[in-house]
Structures are given as C-alpha cells and as structure tokens.
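A.B. asks: fold the following, please.
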Amino acid sequence: MFMNTRNPFKLIAFLLLILTLGLSGCLPNFQPIQIPLGTGFIHTAAAQTIAAQATLAAGQTAVAQLTQIAMSSPTESPTILSPTATDTSQPSPTVTATLLPPSATPVPPTATPIPPSATPIPIPCEWAQFMADVTVPDGSKFAPGASFTKVWRIRNIGSCAWTAGYYLVFVGGERMHVRNAYSLPWVVRPGETVDVAADFIAPSTPSRYRSNWMLSNPSGYTFGIGPTAQRPFWVEIVVEASSSKYPYDFAANMCNAVWRNSFRTLPCPGNQNSADGSVILLNAPVLETGKRENEPALWTRPEQSRGGIISGVYPAYRVQNGDRFMADIGCLKDSRDCDVTFYLDYQVAGQPPKNLGVWREVYDGRLTRVDVDVSGLAGLAVQFILRVENNGKPSDANAFWLVPAIRRSAPVPPDWESLPAVRAARAELSAALQISPSRLTIVSVEAVQWPDSCLGIPQPGRVCAPVIIPGYRIVFSYRQQLYEVHTDNSGDLVYWFQLN
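C.D. replies: This next block holds a predicted model:
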C-alpha cells in the first residue's frame, strides 16, 4: 500500500517513524559509566547526550519537552543545535538544555585567628611551690655526725587540699635522714602555705651532701615543684672536719669511738628512735634549763629499758701534764622523767677499765660541771670511756655531755727539785755513774701510772707484779747522753736505763 506523497508533512512523519524504529533495534543497550568530569567536559557531554536523545525521539514530543525545560530554567544555558534535517526548506528547531550548576568550590582556609576559648585551663590537683628555707640554707656547714632539722616553707598551688593522708617523703640523694616520711602538721588548702620539717644526721666523712624530698598523696603518688610538679626540693650541707680548740674533743671525734649497749655495737651516728639506744651529735641542744646552747653536745640514749646502758670507748690519747677532762652534763629539755647516771672511765692497754668519776642526774633544771684532773695519767696512752646508765623511764633517758673535751691549762713551771722522787732519782743515778749529783741536768719530768711493780722496766730475777703504781718518768742528761729514770711517788723505788 502506497502512501499519498502529495502531503509532505505526512511523508516526513512517516520517514521519521521508520528511522526511529530502525535505530532502536540496531543500537546496543549501553550501561552508564561513572566518570569524574571537569566543568568543560560536562558541557560537551551534555550537548552530545541531548542531541542523541533528540535523534532517538525523532518527533515533536521530544522537541517540545526539551523546549519546555529550557524555558523553565532560571539560568542561561548553552544552546545546542539538533542534527540538520534532510529537508532544508524547514527551519531547524533550536534545542536547549539546562545544566545543573557545578558543586560549590571548597573555600581555602583563611588566616583569620580563632578567638581563644572562654574555658580556663584546669589546674593540676597536686602541685607545690617552694617558698623559703626556714632553716639550714644550702651550703650550711656541719661537723661529722651532727644532727639538725631542716624546715621548708611550701605553698599549695594545686586544686586539691593536702589532708592528713599527705606526707613529706624522701625520694633520692644522700641517705642522711632519720625517717623516710613525715606527716603534714595540718590540712593545707589551695593557696595556703605550710612549714614541713625533717630530721637529719650529717655523714661522718667530710664532703658536700644533698638529700631530695617531695610530697606524697594518700595513693602514694609523689609530686613536687616546677612546671610539671615533678621536681624535688632538697637540703644541701657541707660536712667539714672539726678544727677544735681543745687538745682532744670528744664531740668532734664521736664516731671515732666504739659505741655499745649491753649486748651489741651501735651505729654512729645513731637512730634517735632505736630501742637499742643511740649517740647523736647536737649542734644547738636545748637543755633542761630551757636554754638553747650554741656549742655541741653528745646526746647519749641508753637502750630502752631500766638499767639499760650506752658506752663509747675512744681511741688512745696520750695524756700530758695540765690535762683535765671537762663537760657539763644533764638531761635534754622536756625529758621530765629523766634519771640517769654518768660514768667517766679510762683504760690502759692490757689492763681493765678504771673509773675517774660518777655523777647521777635527774630532771631538775640544773646542770653539773664535770672537771677531772687527769694529769696523773700523763705520759700514758689512755682510752677514755663515756658511759650512761638509765635509772628511770626509758623514753626520757635523754642524757647529754655538753662540750666534752680534754682541756689543758698552762702549768706553772714546777720546782722539780722539791719532789722526793726527783731527789731520789738524782741521787741513785749519780751514784751509779760515780759523778756529783749537780752534774745531772733535768730534761723532763712527767707523772705516770706504772703498770707493774717493776715500774715498766723488767728486773732480772724479779717477778713484776701487775699493779698500778703512780710515779714519775724523769729524763736526765750528762755529757750529751740521756738517761731515763722511773720512780714511784715517794722515791722509794728507782730504776733507770740509758737511752740510745
């Protein structure tokens, strides 16, 4: 059946229908491909897509829809021409497409400063600030074995209160402290200050020493000073060898002695809390009179029992003429039940100890001056022994020896010839040398405690009884030769020999 070709519009519609059916059957079924596109490529692809859709629609419906979209767009869109029709006598319809606006371009960050937050930075819970050394500033000098108390002034700059569960604790450095921890004296709230104290004993070897301390909370966490609250505060001292003004200073030589209780040797310096007793050097003791002294004292605590003792045996010291043992003795302040007995003994090598004096002291607000002339031991190497025995309440047996020392007065030159022993020695020696007694010149005379009946000179065929005999050692010279004569006090016993 043939179509009437005289109607050109019907012919064009028929041809477009044929073309549309043919293309729809021949074109493959493509799947969409997701490709990231730039702006220019999006415009081109959009135009191609619209042209293809116009060809496939092949009718006025598609053209009308595209025209309607273009007219409804609020923005100006690019114009895309449809493929040229075979009949050029008709004007080509104009097809427009509306493109979606591109996504917002990211705005680069600007240099505009962000205003600070109104939220304050939290203050650490536990934080301390060192304020001052109340006592013992850095570099303070002490004698070996001296005891002292260090006090720091600390401020709480944290946000938590320091309660009874907080402690001052040792964290490192030289172990010269008496205890490892001390509780704080009261609750310290944020912003408040507190004085914290610890007791120390200076080491026995001269040097510079430092001990570090911090605070501890109830959980055992330690904190201190500095930006991170992790720096310690400290005590730093210098221990110097004593330059005593006395011939022998028992306080300065405290740790050269051997200290014992009734059953064991004690450390020096000791622990003031030990039940075994202790010896500690006090640089500024407070006595039962209530006065604080500026001279050293030996604090001697017997073992903590009634009848407990403590004794110190010092190295041998050669006594000279004019030597005296001197000290003030008593009880320390607040030891109200103190009742102790002091003993001063001495020992010569190979012999049992002998006593030079005994003094009993109670807490009565008074001191006792000990002054013992030891010139009778001149020439002997003597070990002095300081001993204390407890008679009362053990915890109050806080005995002291204030400035215990050997002191020497300048002796008045004696009239040696007036001594019977010297006259007897001159007569005996001059007779043995068969010379006039006046030809002997006295070089030295010293009082001596002889250890036996032979006066320290073995006698052939004679038994020397081990007994102490007071006497003299006298040295004479004759023709550049020295002679040593030993006598008893009366001059009844005289023995001599020639010195090489």
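A.B. asks: so where is the stretch 51-200 of the chain shaky, pLDDT-wise?
C.D. replies: 51-119, 145, 147 (pLDDT under 70).
A.B. asks: quick one, phi/psi of Asn261?
C.D. replies: phi -100, psi -160 (degrees, to the nearest 10).
A.B. asks: what's around the residue lying closest to it once chain neighbours are set aside, how many residues?
C.D. replies: In space, Asn261 comes closest to Glu303 once its chain neighbours are excluded; the distance is 4.1 Å by CB to CB, 6 or more residues apart in numbering. Yep, even glycine has a C-beta here, placed from its N, CA and C like the rest. Applying other CB atoms under 10 Å, we find 22 residues neighbouring Glu303.
A.B. asks: Glu303: what secondary structure?
C.D. replies: coil (DSSP: H, G, I helix; E, B strand; the rest coil).
A.B. asks: roughly how far does it sit from Val372?
C.D. replies: Per CB to CB, to the nearest Å, Glu303 is found 26 Å from Val372.
A.B. asks: next one: Asp138
C.D. replies: 41 Å.
A.B. asks: so which residues of the chain form helices?
C.D. replies: With helices called from DSSP state H, the chain shows them at 8-26, 39-57, 60-72, 420-433.
A.B. asks: ok, back up a step: so the residue nearest to Asn261 touches Val279, yeah?
C.D. replies: No: contact criterion CB atoms under 8 Å: Glu303 and Val279 do not qualify, at 11.9 Å.
A.B. asks: who touches both of the two?
C.D. replies: Ile310 (CB atoms under 8 Å, 6 or more residues apart in numbering).
A.B. asks: so where's the protein uncertain?
C.D. replies: For the chain, counting by pLDDT under 70, the residues that fall below are 1-119, 145, 147, 242-244, 410-414, 500.
A.B. asks: give me the residue at the spatial middle of it.
C.D. replies: What sits nearest the mean C-alpha location of the chain, by CA atoms, centre = their mean, is Asn212, with 1.9 Å.
A.B. asks: how about the contacts made by Glu428?
C.D. replies: The neighbours of Glu428, taking CB under 8 Å, 6+ apart as the test, are 485, 494, 496.
A.B. asks: narrow the residues you listed to those in strands?
C.D. replies: Among the contacts of Glu428, the residues falling in strands (DSSP state E) are 485, 494, 496.
A.B. asks: most neighbours of all these, which one?
C.D. replies: Val485 (25 neighbours).
A.B. asks: what pairs with that one across the strands?
C.D. replies: Applying DSSP bridges to Val485 gives these bridge partners: Ile474, Trp496.
A.B. asks: and for Asp373?
C.D. replies: Counting by DSSP bridges, the residues bridging with Asp373 are Arg324.
A.B. asks: what about it, how many residues close to it?
C.D. replies: Neighbour count of Asp373, defined by other CB under 10 Å: 13.
A.B. asks: quick check: it vs Gln434, distance?
C.D. replies: Asp373 is 39 Å from Gln434, by CB to CB.
A.B. asks: same deal with Asn489?
C.D. replies: Asn489 is 27 Å from Gln434, by CB to CB.
A.B. asks: which of these two has more neighbours?
C.D. replies: Asn489 (15 against 6).
A.B. asks: need the contact list for that one.
C.D. replies: Asn489 neighbours (CB under 8 Å, 6+ apart): 420-421, 470-472.
A.B. asks: what segments of the stretch 101-250 of the chain are strands?
C.D. replies: 128-133, 140-142, 146-156, 167-173, 181-183, 193-201, 207-216, 222-223, 233-239, 248-249 (DSSP state E, counting those that start in this stretch).
A.B. asks: closest to Ala397 out of the ones you listed?
C.D. replies: Nearest to Ala397 among those is strand 146-156; the distance by CB to CB comes to 17.1 Å.
A.B. asks: paired strands for that closest one, with orientation please.
C.D. replies: Assessed with DSSP bridges, strand 146-156 is paired to strand 128-133 (antiparallel), strand 193-201 (antiparallel), strand 278-282 (parallel).
A.B. asks: next, format these as a markdown table and append distance to Gly350.
C.D. replies: Shown next, in a markdown table, are these (distance: least, CB to CB, whole Å):
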| stretch | distance to Gly350 |
| --- | --- |
| strand 128-133 | 52 |
| strand 193-201 | 35 |
| strand 278-282 | 27 |
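A.B. asks: hey, which of these is tucked in deepest?
C.D. replies: Across these, averaging neighbours per residue (mean count of other CB atoms under 10 Å) puts strand 278-282 on top, at a mean of 23.
A.B. asks: neighbours of Asp396, how many?
C.D. replies: Close neighbours of Asp396, defined as other CB under 10 Å, add up to 18.
A.B. asks: how about the one 3 residues further on?
C.D. replies: Summarising burial for Ala399: neighbours were counted as other CB under 10 Å, giving 26.
A.B. asks: I figured Arg407 was touching Gln320, is that so?
C.D. replies: No: between Arg407 and Gln320 there is no contact under CB under 8 Å: 11.4 Å.
A.B. asks: anything in contact with each of the two?
C.D. replies: What both Arg407 and Gln320 touch, as defined by CB under 8 Å, 6+ apart, is the set Pro247.
A.B. asks: who does Ser211 form a beta bridge with?
C.D. replies: Counting by DSSP bridges, the residues bridging with Ser211 are Gly173, Val235.
A.B. asks: could the contacts of Asn489 go into JSON lines alongside neighbour count?
C.D. replies: Formatted as JSON lines, the contacts of Asn489 follow (neighbours: other CB atoms under 10 Å):
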{"residue": "Pro420", "neighbour count": "13"}
{"residue": "Ala421", "neighbour count": "24"}
{"residue": "Pro470", "neighbour count": "14"}
{"residue": "Gly471", "neighbour count": "25"}
{"residue": "Tyr472", "neighbour count": "26"}
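A.B. asks: quick check: the two most widely separated of those residues?
C.D. replies: Those two in the contacts of Asn489 that are separated most widely, counting by CB to CB, are Pro420 and Pro470, at 13.0 Å.
A.B. asks: can you tell me how far Val374 is from Val403?
C.D. replies: In terms of CB to CB, Val374 sits 16 Å off from Val403.
A.B. asks: I misspoke; the intended subject was Trp450.
C.D. replies: 32 Å.
A.B. asks: and Tyr221, how many residues sit next to it?
C.D. replies: Once other CB under 10 Å is used to define contacts, Tyr221 is seen to have 11 neighbours.
A.B. asks: surely it touches Glu126?
C.D. replies: Yes: counting by CB under 8 Å, Tyr221 does reach Glu126; the two are 7.0 Å apart.
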